[in-house]
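Undergrad: here is my input, please return the structure:
(4 chains)
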Number of protein chains: 2
Amino acid sequence: MYRHQRNHTNKVKLTIQPLLEYFKNYRPLSEEETNLLTTRVTQRQIKRRQMILQEGFVCKHYTFVEKGCFKMYGIDEKNNEHNISFAAENDWIVDLGSFYSEKTSKLFIEAVEPSVILQIEKRDLLFLFVNVPKFDRNFRVIMEEKFIELQNRLLQNFSANANQRYTDFLEQYPKLASRLPNTQIASYLGITPEFLSKIRGEKSSK
Amino acid sequence: MYRHQRNHTNKVKLTIQPLLEYFKNYRPLSEEETNLLTTRVTQRQIKRRQMILQEGFVCKHYTFVEKGCFKMYGIDEKNNEHNISFAAENDWIVDLGSFYSEKTSKLFIEAVEPSVILQIEKRDLLFLFVNVPKFDRNFRVIMEEKFIELQNRLLQNFSANANQRYTDFLEQYPKLASRLPNTQIASYLGITPEFLSKIRGEKSSK
DNA sequence: ATTTACCCTTAAACTACCTTAAGCGTATTT
DNA sequence: AAATACGCTTAAGGTAGTTTAAGGGTAAAT
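TA: Numbers count the residues shown, from 1 in each chain, chains lettered A, B, ... in the order given. Below is the predicted model of the structure:
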């Protein structure tokens, strides 16, 4: 009964372990660094379809996904959603532009599954960057990885057709592909759900 | 006559000043840090259309543009070029994925103007990251900025049509727009030169 | 100085992908 | 348990952008 660990907000008993494990892929944190981090993150339980960022608001948190899955998307003038990214377990999600500039975001971040997250506010993250050089190091590497991923995606969007992009998505993110509805995948690929359905029909008939 | 400062390679007399000025936008380098950097960069003069990276080779250098302009692009199976990015004065250009993984690149980096660059090799950059925390800091911030820029571009490619994208490009990069041929801009926008020409015709007739 | 390569444009035929609409099955909410 | 919203599919008609081809202008290479 997780109700027992809930207070009147959506905060839950803090377990930072997954984040520490995650950092072991980079430069692992010392005990002291862990303590500095622990006092500066907040753990939250998020319901399906709950938004942790809405268009018109400033993105106040850098979010680490412990459990569940999120999508970040923008809405165009015809009211179509366009998925910029997904984030499942052990991944980050944030509108970095809004977070640092403190300007209102044009994006939404929404849970596609019931989720548990760790959040850091800007002042706390800056504190860590200033006082723990290892955070500069780790986040430099993390940002480099994210940048490479994003650049590959951009190139693929230019040079491959929808069928190719879908095929490659299935290969590259099999776990995401199996836990997300096709509508969400279509939006990520930059096509309509109807067209994805057609592609799927053609593929399976082969 | 710059011939006097050239040796048998394309190296020229080292002037690192523009890079130091550039770092003043972040955490400026001390004299000692400047010395460490200076011994680890190589300055080169690059001719128009000369390539500093070709598909099938490992990207060995992190490149800072002192003068001139470069494009990075991929070629699809129909032999069409797709411009991923441009870099003019005081900007970086590198296939980050290939640079760090040391796997062969799928990209080309080519000078679109006669250029002067500073290049750092991987072992030297890693040396700087390890020995000068300020480099971790500066490149973390640089990567964050690059990531934000790229993410905005991806979103725009999904949510705006070619006309919009072209209009926004002219606004956002007026200097690039005036020094690049339209064929290169079309490739960056993800459309054919013919279609860009049509868009331009429609715009100017208004 | 001449040649060659590149750049821009126009236009007609073509295609990948979108729009709209409708029907059906299955989660989710009440 | 019923109602509602969501997800997937099919299909017809529409549009943004491509392809191919051709001509003329300008910059680069020899």
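Undergrad: could you use CA atoms for every contact and neighbour count after this?
TA: Fine.
Undergrad: need the three-state assignment for A:Arg49.
TA: Secondary structure for A:Arg49, judged by DSSP: H, G, I helix; E, B strand; the rest coil, is coil.
Undergrad: do I have it right that it meets A:Ile109?
TA: No. A:Arg49 lies out of contact with A:Ile109 (C-alpha atoms under 8 Å); the separation is 9.4 Å.
Undergrad: check contacts around the closest residue to chain B within chain A.
TA: With C-alpha to the nearest C-alpha as the measure, A:Arg140 is the residue of chain A nearest to chain B, at 4.0 Å. By C-alpha atoms under 8 Å, 6 or more residues apart in numbering or on different chains, the contact set of A:Arg140 is B:136-137, B:139-141, B:143.
Undergrad: where exactly do the strands run in chain A?
TA: Listed in chain order, the strands of chain A (DSSP state E) span A:41-46, A:51-53, A:61-67, A:70-75, A:81-87, A:91-93, A:107-111, A:115-121.
Undergrad: turn these into JSON lines, including mean neighbour count and distance to A:Lys24.
TA: Converted to JSON lines, those look like this (neighbours: other C-alpha atoms under 10 Å in any protein chain shown; distance: least, C-alpha to C-alpha, whole Å):
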{"stretch": "strand A:41-46", "mean neighbour count": "20", "distance to A:Lys24": "18"}
{"stretch": "strand A:51-53", "mean neighbour count": "18", "distance to A:Lys24": "27"}
{"stretch": "strand A:61-67", "mean neighbour count": "22", "distance to A:Lys24": "15"}
{"stretch": "strand A:70-75", "mean neighbour count": "22", "distance to A:Lys24": "23"}
{"stretch": "strand A:81-87", "mean neighbour count": "22", "distance to A:Lys24": "19"}
{"stretch": "strand A:91-93", "mean neighbour count": "19", "distance to A:Lys24": "14"}
{"stretch": "strand A:107-111", "mean neighbour count": "23", "distance to A:Lys24": "26"}
{"stretch": "strand A:115-121", "mean neighbour count": "21", "distance to A:Lys24": "17"}
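Undergrad: tabulate those strands (TSV), appending mean pLDDT and distance to DNA strand C.
TA: Output for the strands of chain A, formatted as TSV (pLDDT from 0 to 100; distance: least, C-alpha to the nearest atom of the strand, whole Å):
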stretch	mean pLDDT	distance to DNA strand C
strand A:41-46	96	12
strand A:51-53	97	13
strand A:61-67	97	16
strand A:70-75	97	13
strand A:81-87	97	10
strand A:91-93	98	22
strand A:107-111	97	12
strand A:115-121	97	13
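Undergrad: ok, the closest residue to A:Thr104 other than its chain neighbours - contacts?
TA: Spatial nearest neighbour of A:Thr104, excluding adjacent residues (C-alpha to C-alpha, 6 or more residues apart in numbering or on different chains): A:Val58 at 4.3 Å. Shown in contact with A:Val58 (C-alpha under 8 Å, 6+ apart): A:98-99, A:102-105.
Undergrad: buried sites along the longest helix seen in chain A?
TA: Ranked by residue count and defined by DSSP state H, the top helix of chain A is helix A:133-159. By 16 or more other C-alpha atoms under 10 Å in any protein chain shown, the buried positions in helix A:133-159 come out as A:134-148, A:150-151, A:153-159.
Undergrad: around chain B, which positions in chain A sit nearby?
TA: A:74-76, A:82, A:84, A:96-97, A:133, A:136-137, A:139-141, A:143-144, A:146-148, A:150-151, A:154-155, A:158-160, A:190 (C-alpha under 8 Å from any C-alpha of the partner chain).
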